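Chemist: Generate a structure from the sequence data that follows.
(2 chains)
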Protein chains: 2
Amino acid sequence: MQWDDARARSALRAAFDAAIAAADPRRVLPLHLPTPPRGRCVVVGAGKSAALMAAALEEAWPDLPLAGVVVTRYGHAVPTRRIAVLESSHPVPDAAGEAAARRILAAVQGLGPDDLVLALMSGGASALMPLPAAGLTLADKQAVNRALLACGATIGEMNCVRKHLSAIKGGRLAAAAAPARVLTLAISDVPGDDPAVIGSGPTVPDPSTLAEARAILARYAIPPAPHVAAHLSDPAAETPKPGSLPHAEFRLIATPLLALRAAAEAARGFGLTPLILGDALEGESREVGTVLAGIARAVRAHATPLAPPALLLSGGETTVTIGSFPAGRGGRNSECLLGLARALAGMQGIWALAGDTDGIDGSEDAAGAIVTPDTMARAGAAGLDAAALLDRHDSYTLFATLGDLVVTGPTLTNVNDFRAVLVA
Amino acid sequence: MQWDDARARSALRAAFDAAIAAADPRRVLPLHLPTPPRGRCVVVGAGKSAALMAAALEEAWPDLPLAGVVVTRYGHAVPTRRIAVLESSHPVPDAAGEAAARRILAAVQGLGPDDLVLALMSGGASALMPLPAAGLTLADKQAVNRALLACGATIGEMNCVRKHLSAIKGGRLAAAAAPARVLTLAISDVPGDDPAVIGSGPTVPDPSTLAEARAILARYAIPPAPHVAAHLSDPAAETPKPGSLPHAEFRLIATPLLALRAAAEAARGFGLTPLILGDALEGESREVGTVLAGIARAVRAHATPLAPPALLLSGGETTVTIGSFPAGRGGRNSECLLGLARALAGMQGIWALAGDTDGIDGSEDAAGAIVTPDTMARAGAAGLDAAALLDRHDSYTLFATLGDLVVTGPTLTNVNDFRAVLVA
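Modeler: Sure, this is the predicted structure:
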């Protein structure tokens, strides 16, 4: 099979489209639905995909009486008929998010053992649905969050403290729904796909403790305000512990790994051998591109880690560190690709696509871009200085000029970044 | 098989030792020797491993009359009886290197068709054996080199210009040896293992041309001195082209890939499935460590790209970019490992070793170091701030304090960096 530019681009785009399709709730949510309950069915949810998940549920159960409310990010709503859709702010929470959280918590109260709560969770749920514990304000929570962030606390430490300042996170939403059965259907965009981490786990038992939350603040020498300290010393503020929510069940309906597996299957259809390097790769975007270029070179030169024609797949979220240059236009994925193109320096037989599965790389109108063996040559011919564009984080400009952006529009789902390197 | 700390450390060290052994000329050079010549045997050579290669040859052919001279880096000489060993400066050439190059060029002249020239080449040869073309000085060559470097010229462009300013590179050493047969035995430390690149290819035909050399200087607007310009316009300055050196043959006796394959074989002996990710990985050291951590996580969590217990192997040279902090103690490999340890954040069941196969990571007395699942915990207990140490490029201090340095002493060979991540 001859690998020309057109065929390589088709294969890469097919793999990316397959990954996004594998995370589309309209396709995957129906596969995970239980038999409808004898009693009432209440739907709650939060996240960037919450509205699309609610619409998918309405479509899958067209005749069932459904009640409930979900909250999604501003601009991410889609029309629904039975489930209310609210919008709030991400990543910085706002009052609309707090109001939505109160409606969600209210919606699951007063149910019976024959009733079912379907909780639709996806990335961003934590910020979209903030609900301070009784006696605390959103400002109290944000002050502690900011202090932890400034001290370099780990995400695990921040989650522990957050859950113990919340009225809805760390399993409290599920606890409020008892004795109704609670089934959470979740789309994961976090490394490790830990149910207790996705949206800070409102329906999942919390193994972390009040004592740990106090110890974390002490370790970083963060003195909480007196009423916050009092709350963290009140045994009633403890979260539901593992084993205490037997009525709650959790199912992942879409993950980065499942999306990569779907892309791998699509690649096989093009005669490519797929290899999934990992579903949660991290690192500075351009350097991740350089490493992937090195692996691709080895495939081509030495048939290791596998023989060509091959597709090297990876997921996870890379990082763009803005240095002294003012930032130009570009996201994690286009920056990763430009690092890869520079490291390959025109090597023949290697193409790549990187994109955000939510359809928006950084703050641009493209999901990502495509690199071809002649990307650098075409950039040079167009008068573009690739090194300078990379240094000022302006990779979007390069790929836009070359006509190599990948545009999907917002997908309203998110299983994080997608990278595919095709080695012929 | 239970993977405890002791067993994991043993497996990693055995893999590293196997890689170094696969690059040891005393082991591999005898395997590539031809039948001894009917006529004279003249030995020439240059590189960090030149003296050890000469000694290995003397040992393999104990009774053959051998004449000739090799040049190695200051401090890299070993005792020989028949082949003269000289020393010169690396990476900045000096007059001793120029004198050595003259002796080497003289040694291959006046030979007949029954004579054999063995050329022993290894990393660093280009700088250790500088010989300006007639009418030029070392200062002329260095001025052009510096100008090219400052303009961001590629290594390929620099090699093209260099070869056309040299009296020994770009195939000229082999041309001078005709009609004697020339067999080059080479240890590669360059990505791609291109014979024309190793030591700037003194015994290898040069596909690049005088016209290209002039075009490169013009492209970067580097005006050569008048006598340099005159030299680059003299057809006699053209290098031997492919097809013009039928008496010269080239054999790679050690490469990064062969070393990784030896390590893979050693890993199998420990029950590990090896996977060679690439022999020429590049990128900022700490970020390469972060990416390798991501792949290791996927092995452990999802059995992709392969199932545990596994050993992820990679070679090639990473980069340490010194920023605003004054640099502490540490080399590419220990910095890569600290990046990996931070990204793994104590994840169980993952160990790693990274080291320079020449036995010297950076300018330290260790080849590299080992990371264990409790590296970060032990560092914390010892009062070390891993993030701060990494930011000031002081990773050596951390591993030295923990007693986790890997010390081999100088190996007098070099197939670049070695990285192994063990996932149980």
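
Chemist: what's the neighbour count on A:Pro308?
Modeler: A:Pro308: 18 surrounding residues under other C-beta atoms under 10 Å in any protein chain shown. Where you see a C-beta, it was placed from the backbone N, CA and C, and this is true even at glycine.

Chemist: Give me the three-state assignment for it.
Modeler: Put simply, A:Pro308 is coil when judged by DSSP: H, G, I helix; E, B strand; the rest coil.

Chemist: wait, doesn't it sit right on A:Ile350?
Modeler: No: at 9.3 Å, A:Pro308 does not count as touching A:Ile350 under the criterion of C-beta atoms under 8 Å.

Chemist: Would you mind listing the residues touching both of those two?
Modeler: Contact criterion C-beta atoms under 8 Å, 6 or more residues apart in numbering or on different chains; residues shared by A:Pro308 and A:Ile350: A:Arg300, A:Val423, A:Ala424.

Chemist: Return the member of these nearest to A:Ser208.
Modeler: Closest to A:Ser208 out of the shared contacts of A:Pro308 and A:Ile350 is A:Val423 (43.6 Å), distances taken as C-beta to C-beta.

Chemist: residue contacts, the residue of chain A positioned farthest from its centre?
Modeler: Seen from the C-alpha centroid of chain A, the residue lying at the greatest distance (C-alpha atoms, centre = their mean) is A:Ala381, 37.2 Å away. With contacts defined as C-beta under 8 Å, 6+ apart, A:Ala381 has no neighbours.

Chemist: Check the spacing between it and chain B real quick.
Modeler: To chain B, A:Ala381 is 14 Å away according to C-beta to the nearest C-beta, to the nearest Å.

Chemist: Ok, A:Leu149 next?
Modeler: Distance of A:Leu149 to chain B, computed by C-beta to the nearest C-beta: 15 Å.

Chemist: Kindly report the same for A:Ala95.
Modeler: 35 Å.

Chemist: Give the phi and psi angles for that residue, as a check.
Modeler: Backbone torsions of A:Ala95, given as degrees, to the nearest 10, read phi -60, psi -30.

Chemist: In this structure it contacts A:Leu138, no?
Modeler: Yes: using C-beta under 8 Å, A:Ala95 is in contact with A:Leu138, at 7.3 Å.

Chemist: The two: which is more packed in?
Modeler: In this view A:Ala95 and A:Leu138 are compared by other C-beta under 10 Å, and A:Leu138 has more residues nearby, 15 against 11.

Chemist: Could you look up the SS state of the residue lying closest to A:Ala280 once chain neighbours are set aside?
Modeler: Among residues not flanking A:Ala280 along the chain, A:Pro191 sits closest, at 3.5 Å (C-beta to C-beta, 6 or more residues apart in numbering or on different chains). Following three-state DSSP, A:Pro191 is assigned to coil.

Chemist: What about A:Pro191, how many residues nearby?
Modeler: Look at A:Pro191: counted by other C-beta under 10 Å, it has 22 neighbours.

Chemist: ok, now the one 10 residues further on?
Modeler: For A:Gly201, the count of nearby residues is 29 (other C-beta under 10 Å).

Chemist: Distance-wise, check it relative to A:Leu116.
Modeler: A:Gly201 sits 19 Å away from A:Leu116, taking C-beta to C-beta, to the nearest Å as the criterion.

Chemist: so how far is stretch A:301-315 off the chain centroid?
Modeler: 26 Å (C-alpha atoms, centre = their mean, to the nearest Å).

Chemist: Show me what the mean pLDDT comes to for that stretch.
Modeler: Mean per-residue pLDDT for stretch A:301-315: 98.

Chemist: And for stretch A:124-140?
Modeler: Stretch A:124-140 comes out at a mean pLDDT of 94.

Chemist: quick one: that stretch to chain centroid distance?
Modeler: Worked out by C-alpha atoms, centre = their mean, stretch A:124-140 lies 20 Å from the chain centre.

Chemist: And for stretch A:153-167?
Modeler: 19 Å.

Chemist: And stretch A:66-80, by the same measure?
Modeler: Centre-to-centre, stretch A:66-80 and its host chain are 18 Å apart (C-alpha atoms, centre = their mean).

Chemist: With just CA atoms, put it into PDB.
Modeler: Taking C-alpha atoms only, stretch A:66-80 is exported to PDB below (Å, rounded to 0.1, in the frame of the first residue of the first chain):
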ATOM      1  CA  LEU A  66     -37.900  12.200  33.300                       C
ATOM      2  CA  ALA A  67     -37.400  15.000  35.800                       C
ATOM      3  CA  GLY A  68     -34.200  16.800  37.000                       C
ATOM      4  CA  VAL A  69     -31.600  19.300  36.200                       C
ATOM      5  CA  VAL A  70     -28.100  19.400  34.900                       C
ATOM      6  CA  VAL A  71     -25.500  22.200  34.700                       C
ATOM      7  CA  THR A  72     -23.100  22.800  31.900                       C
ATOM      8  CA  ARG A  73     -20.600  25.500  30.800                       C
ATOM      9  CA  TYR A  74     -21.900  28.800  29.300                       C
ATOM     10  CA  GLY A  75     -22.500  28.100  25.600                       C
ATOM     11  CA  HIS A  76     -22.600  24.300  26.000                       C
ATOM     12  CA  ALA A  77     -26.400  23.900  26.400                       C
ATOM     13  CA  VAL A  78     -28.400  21.900  23.800                       C
ATOM     14  CA  PRO A  79     -32.200  21.700  23.600                       C
ATOM     15  CA  THR A  80     -33.900  19.300  25.900                       C
END
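
Chemist: which residues touch that stretch?
Modeler: With contact meaning C-beta under 8 Å, 6+ apart, stretch A:66-80 is reached by A:40-55, A:57-58, A:82-90, A:97, A:100-101, A:103-104, A:107, A:118, A:120, A:124, A:128-129, A:410, A:412.

Chemist: A:Arg419 - that's part of a strand, no?
Modeler: Yes: under three-state DSSP, A:Arg419 falls within a strand.

Chemist: beta partners for it?
Modeler: For A:Arg419, the beta-bridge partners are A:Ser314, A:Ala354 (DSSP bridges).

Chemist: OK, contacts around it?
Modeler: Contacts for A:Arg419 (C-beta under 8 Å, 6+ apart) come out as A:Leu281, A:Val288, A:Leu292, A:Leu312, A:Leu313, A:Ser314, A:Gly315, A:Asn333, A:Cys336, A:Ala352, A:Leu353, A:Ala354.

Chemist: what's A:Glu87 sitting at in phi/psi?
Modeler: Torsion angles, degrees, to the nearest 10, at A:Glu87: phi -130, psi 150.

Chemist: ok, it touching A:Ala96?
Modeler: Yes: contact criterion C-beta under 8 Å: A:Glu87 and A:Ala96 qualify, at 6.8 Å.

Chemist: and these two? which has more neighbours close in?
Modeler: Counted by other C-beta under 10 Å, A:Glu87 and A:Ala96 do not tie: A:Glu87 has more neighbours, with 18 against 15.

Chemist: Now the more buried one. Nearest residue, chain neighbours left out?
Modeler: Excluding the flanking residues, the one nearest A:Glu87 by C-beta to C-beta, 6+ apart is A:Tyr74, at 4.8 Å.

Chemist: which SS class is the nearest residue to A:Asp17 once chain neighbours are set aside?
Modeler: Once flanking residues are discounted, A:Asp17 sits nearest to A:Ala266: 7.6 Å by C-beta to C-beta, 6+ apart. Using three-state DSSP, the structure places A:Ala266 in helix.

Chemist: count of neighbours near A:Ala266?
Modeler: For A:Ala266, the neighbour count with other C-beta under 10 Å is 24.

Chemist: now swap in A:Pro242 and tell me
Modeler: 11.

Chemist: Helix, strand or coil: sort out it for me.
Modeler: What three-state DSSP gives for A:Pro242 is coil.

Chemist: I figured it hits A:Pro207, correct?
Modeler: Yes: with contact defined as C-beta under 8 Å, A:Pro242 reaches A:Pro207; the gap is 5.7 Å.

Chemist: isn't there a strand covering A:Leu277?
Modeler: Yes: A:Leu277: assigned to a strand according to three-state DSSP.

Chemist: wait, what's in contact with it?
Modeler: A:Leu277 makes contact with A:Leu292, A:Ile295, A:Leu312, A:Leu313, A:Ser314, B:Gly294, B:Ile295, B:Ala298, B:Thr304, B:Pro305 under the criterion C-beta under 8 Å, 6+ apart.

Chemist: Much appreciated, bye for now.
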